[in-house]
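**Student:** Compute the structure for the input listed below.
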Amino acid sequence: MPIPAAFDLSGRVAVVTGAGSPDGIGFATARMLAALGAAVMITGTTARIRDRASELCSAGFDAAGFAADLTGAAAAPGLMSAVLARWGRLDIVVNNAGMISAAVPVFESGTVESMDLVTWHAALARNLTTAFLVTKAVLPHMTRRGWGRIIMVASVTGPVMAMRADVGYASAKAGMVGLARAIAVDAARHGITVNAVAPGWIATGSQTAEEHGEGLVTRPAEAAHPARSPPPLPGWPARARPTSPGNTSSWTAATPSPSSAPHRANQLSAPRRLRAGQPQGALVVRPELRPVGLEPLCWRGDTEPALVAVVAAVLFGGQMPKAA
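**Tutor:** Got it, this is the predicted structure:
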């Protein structure tokens, strides 16, 4: 089926970090962006990232893999150099790296009392500093070109809820939302949008048995608010809804609207309070320069919600187009 013009990413180049797992949000996002026409550089901490890149290439996509630990200061500039050497440009970055590394498969969990400083720093480095370093490396190029899309894959954990003995991860993911807002107000005048997507219970390979159990008892947001379930992406066939519950939210900060004067493009929408009974994670700050309320962007239980949210952030600055 032809790609609808509004969704065509031909000629664009994207980087997706944390894409080594074959069943994770990162690789699914990379596959979706490639299907929309973008060339894709995917990153991971081990050599398995080359397997994922080979899968994309075998499917007919223009893709490459970059193995590196992005917590190190030199890795992100090296990634940027590799992208420019191959394609000469970079348009889209999806900061998805985090949670757990295949190279060091240890969760940095613990309470404030039990967690030592080394573990705390490791949790922030993996889940927040990686996004900072990658964004820092790509922003000068995007600024010179006057266009860019940066997406932070945060979580509902931290910004709107928390789990026991998870202070490092929750703090880092809350920090990603703040990072997105801060970069957005600085970069909006250069035609760069910055969004944060916050997945809820998503069935991926890194999901623990405890998280799976929590997801099964979480009330699906589509059931709570059926009228707010979004239509399928325009021009694309509707997919059957998965039976596993879950939700995904998206924050969008300081996207300049076409009518905005440049000096006003760095203002933020003012969010209202969550309404009583609204499911956890149901928060979207829209990019207009006025308060417009809180609405869920998408609600599904597998990797599809994150994909829809990321594609919306890439193509429409975080706003879903209205169905015809």
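**Student:** Which residue, other than its chain neighbours, is closest to residue 192?
**Tutor:** Distances taken as C-beta to C-beta, 6 or more residues apart in numbering put residue 148 closest to residue 192, at 3.9 Å, once the chain neighbours are dropped. Every residue, glycine included, has its C-beta placed from N, CA and C.
**Student:** What of residue 38?
**Tutor:** Using C-beta to C-beta, 6+ apart and skipping the chain neighbours, the partner closest in space to residue 38 is residue 9 (4.0 Å).
**Student:** doesn't residue 37 make contact with that neighbour?
**Tutor:** Yes: contact criterion C-beta atoms under 8 Å: residue 9 and residue 37 qualify, at 4.3 Å.
**Student:** Phi and psi next, for the residue nearest to residue 192.
**Tutor:** Summarising the backbone geometry of residue 148 under the convention degrees, to the nearest 10, its torsions are phi -180, psi 160.
**Student:** Just the strands from the stretch 51-200 of the chain, written as ranges.
**Tutor:** Using DSSP state E, counting those that start in this stretch, the strands of the stretch 51-200 of the chain run over 63-67, 92-95, 148-153, 192-199.
**Student:** Within the sheet, what are the partner strands of the last one, with directions?
**Tutor:** Based on DSSP bridges, the pairing partners of strand 192-199 within the sheet are strand 148-153 (parallel), strand 248-253 (antiparallel).
**Student:** Mean pLDDT lowest where, among these?
**Tutor:** Here the lowest mean pLDDT among the strands paired with strand 192-199 goes to strand 248-253, at a mean of 39.
**Student:** got any ranges where this protein has weak pLDDT?
**Tutor:** Within the chain, the stretches falling below the threshold (pLDDT under 70) are 1, 99-106, 203, 205-208, 211-212, 215, 217-308, 316-324.
**Student:** State which helix of it is the longest.
**Tutor:** Of all the elements of type helix in the chain, the one with the most residues (DSSP state H) is helix 167-187.
**Student:** That one: which residues count as buried?
**Tutor:** 167-177, 179-181, 183-185, 187 (16 or more other C-beta atoms under 10 Å).
**Student:** Report all helices and strands that it contacts.
**Tutor:** With contacts taken as 3 or more C-beta pairs under 8 Å, 6 or more residues apart in numbering; DSSP states H and E, helix 167-187 sits against helix 117-124, helix 130-145, strand 148-153, strand 192-199, strand 248-253.
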